[in-house]
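Undergrad: structure of the sequence below:
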Amino acid sequence: MDSVFLPIMFSYVLLSLTKGLSALFYRFQVEWLSDERFEASDQVRLLVLLNHTSLFEPVFVRIAPQRLLRHISQRLLIPVADSTIERPVVGKILTTLVPGTVPISRKRDESWQQFLSQVSEKTLVAILPEGRMKRANGLDKHGNPMTVRGGVADILSRLDSGKILFVYSGGLHHVQSPGQPIPRLFKSIKVRLEMVDIAAYKRQHHADDHPQFVRQVIADMQTRLHQFVPHCPQQPCNR
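TA: Have a look, this model is predicted:
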């Protein structure tokens, strides 16, 4: 029993500590795009973060109510690149903060299928649909434009009810850019939130035809990325 309970309890304590420190050192500008807000947090089955810019993004737990932090510590399942998990410091922090971290390769291979096999109505899945971090120039580390991949559609195919919580990040390059070891303090962080019903979303995007569903979800994620991410003039790529 302790082998299950202790990591969950430790995760909850660390998440609460992260929430407190984030509140102390950063100011958050939060805007809701939906009428339904955190009162529906018990129904969240999928958390989608758009505009992935930094490994410092756990600071976003600042805006989550404590009951959502409890769900995250108990039920969160998140795919993370195996190259990130293998990093001695970052990997240890991530796996301690979120016991449900699942290492995957950057290919749609057996590691992705193993992750999907763990998705159920009892889990709370988090995903960063771009699959890699935006650099300060607005491109990925190989100099390619940022695009969305189809992982959200695969996850939604295994969920029939509940809510999607979209988190639209204004970017964290002014706090910590990739490769920067020490974050900057006392910055303002912009974020928009939106709660969306899973069943309604799947009907809207024709989930009964999976190839079409994947294409439509990718297009929708790309649209959300461009339309709903708040503009933050402190980001280098916005200057």
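Undergrad: quick one, longest strand in the chain?
TA: Ranked by number of residues, the top strand in the chain under DSSP state E is strand 188-197.
Undergrad: which stretches of the protein have low pLDDT?
TA: Residue ranges of the chain with pLDDT under 70: 1-4.
Undergrad: can you count the residues close to the nearest residue to Glu31 once chain neighbours are set aside?
TA: What sits nearest to Glu31 in space, not counting adjacent residues and going by CB to CB, 6 or more residues apart in numbering, is Arg192, at 4.8 Å. No exception for glycine: its C-beta is placed from N, CA and C like everyone else's. Here the number of neighbours of Arg192 (other CB atoms under 10 Å) works out to 20.
Undergrad: just His231 next, same as before
TA: So His231, with other CB under 10 Å, has 9 neighbours.
Undergrad: show me the contacts for it.
TA: By CB atoms under 8 Å, 6 or more residues apart in numbering, the contact set of His231 is Gly170, Lys190, Asn238.
Undergrad: ok, it to Leu46 distance?
TA: Distance from His231 to Leu46, counting by CB to CB, to the nearest Å: 25 Å.
Undergrad: re earlier: if any of the contacts of His231 are buried, put those into a ChimeraX selection.
TA: A single ChimeraX command selects the buried members of the contacts of His231 (16 or more other CB atoms under 10 Å):
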select :170,190
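Undergrad: using JSON lines, lay out the contacts of His231 together with distance to Arg108.
TA: Below are the contacts of His231 laid out as JSON lines (distance: CB to CB, whole Å):
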{"residue": "Gly170", "distance to Arg108": "30"}
{"residue": "Lys190", "distance to Arg108": "32"}
{"residue": "Asn238", "distance to Arg108": "32"}
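Undergrad: center of the protein, which residue is that?
TA: Leu49 (3.6 Å; CA atoms, centre = their mean).
Undergrad: beta-bridge partners for that one, please?
TA: The partner list for Leu49 in beta bridges (DSSP bridges) reads Val167.
Undergrad: OK, contacts around the residue nearest to Glu31?
TA: Counted by CB under 8 Å, 6+ apart, Arg192 has contacts Val30, Glu31, Trp32, Leu33, Phe166, Val167, Tyr168, Gly170, Phe228, Val229, Pro230.
Undergrad: by neighbours, which of those residues wins?
TA: Gly170 (23 neighbours).
Undergrad: wait, that residue touches Pro233, no?
TA: No - contact status for Gly170 versus Pro233: not in contact, 9.5 Å apart, counting by CB atoms under 8 Å.
Undergrad: pull the longest strand of the chain out as PDB, backbone CA atoms only.
TA: The C-alpha trace of strand 188-197 is given here as PDB (Å, rounded to 0.1, in the frame of the first residue of the first chain):
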ATOM      1  CA  SER A 188       4.200  38.400 -15.300                       C
ATOM      2  CA  ILE A 189       2.800  35.200 -17.000                       C
ATOM      3  CA  LYS A 190      -0.100  35.300 -19.400                       C
ATOM      4  CA  VAL A 191      -2.500  32.300 -19.700                       C
ATOM      5  CA  ARG A 192      -5.900  31.700 -21.100                       C
ATOM      6  CA  LEU A 193      -8.100  28.700 -20.100                       C
ATOM      7  CA  GLU A 194     -11.000  27.000 -21.700                       C
ATOM      8  CA  MET A 195     -13.200  24.100 -20.600                       C
ATOM      9  CA  VAL A 196     -14.700  22.000 -23.400                       C
ATOM     10  CA  ASP A 197     -17.000  18.900 -23.300                       C
END
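Undergrad: thanks again, I'm all set now.
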